[in-house]
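*Asks:* here is my input; please provide its structure:
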Amino acid sequence: MKFLCVEDNATQRHMVDLMLASTGIDIDFATTGAEALSAFQATEYDIVLMDTGLPDMPGIQAAREIRQTEDGFHLGYTPILFLGRLEDETDLADGILPKPFTADGLKAAIDRILNAARGSGLEGTLRAAR
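*Replies:* Prediction:
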């Protein structure tokens, strides 16, 4: 499994890395919306973890551009879990996990999203990837 975590805060990136280390998930990190879009165009991800407040653009805008990339290049759908708070509900979000969150909370949110998107939660998807 391959995840993209878009987070500008180094401490938050480190925490996400530690929280998911035991799963064996391969995580790429981006610190800006522009980096996220570049990574998304170069690599296929199973899920995107998107900070809501990025230095160059709101996370919602980065997610919108990811959806446009999917449509423009006829790519499959990639679930997006927003990390933080959103002012308005959006159909771009497959889930929202408010900060601060725990490892169990993060894994549960990812599990729900993968189950809804792929019919197999986190553990099932990890087993299939091995």
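*Asks:* now tell me which helix or strand of this structure has the poorest mean pLDDT.
*Replies:* Every helix and strand in the chain was compared by mean pLDDT, DSSP states H and E; the lowest is helix 122-129, with a mean of 71.
*Asks:* tell me what the helix or strand that contains residue 113 is packed against?
*Replies:* Assigned by DSSP states H and E, residue 113 falls within helix 103-118. Counting contacts by 3 or more CB pairs under 8 Å, 6 or more residues apart in numbering; DSSP states H and E, helix 103-118 packs against helix 10-20, strand 47-51, strand 80-83, strand 95-97, helix 122-129. Bear in mind the C-beta positions are built from the backbone N, C-alpha and C, glycine included.
*Asks:* that helix to strand 47-51, inter-axis angle?
*Replies:* Between helix 103-118 and strand 47-51, the angle comes out at 130 degrees (axes from the mean of the first three to the mean of the last three CA atoms, to 10 degrees).
*Asks:* gap between helix 103-118 and the chain center?
*Replies:* 11 Å (CA atoms, centre = their mean, to the nearest Å).
*Asks:* just the buried residues of it, please?
*Replies:* Residues 106-114, 117 are the ones in helix 103-118 that count as buried (16 or more other CB atoms under 10 Å).
*Asks:* residue 61 contacts residue 33, doesn't it?
*Replies:* Yes. Using CB atoms under 8 Å, residue 61 is in contact with residue 33, at 6.4 Å.
*Asks:* between the two, point out the one with more neighbours.
*Replies:* residue 33 (25 against 13; other CB atoms under 10 Å).
*Asks:* low-scoring stretches of the protein, by residue?
*Replies:* The chain contains residues with pLDDT under 70 at 125-130.
*Asks:* same thing but at 90, please
*Replies:* Residue ranges of the chain with pLDDT under 90: 73-75, 85-93, 117-130.
*Asks:* buried residues in stretch 72-86?
*Replies:* 78-84, 86.
*Asks:* actually stretch 14-29, not the one I wrote
*Replies:* 15-16, 19-20, 23, 25, 27-29.
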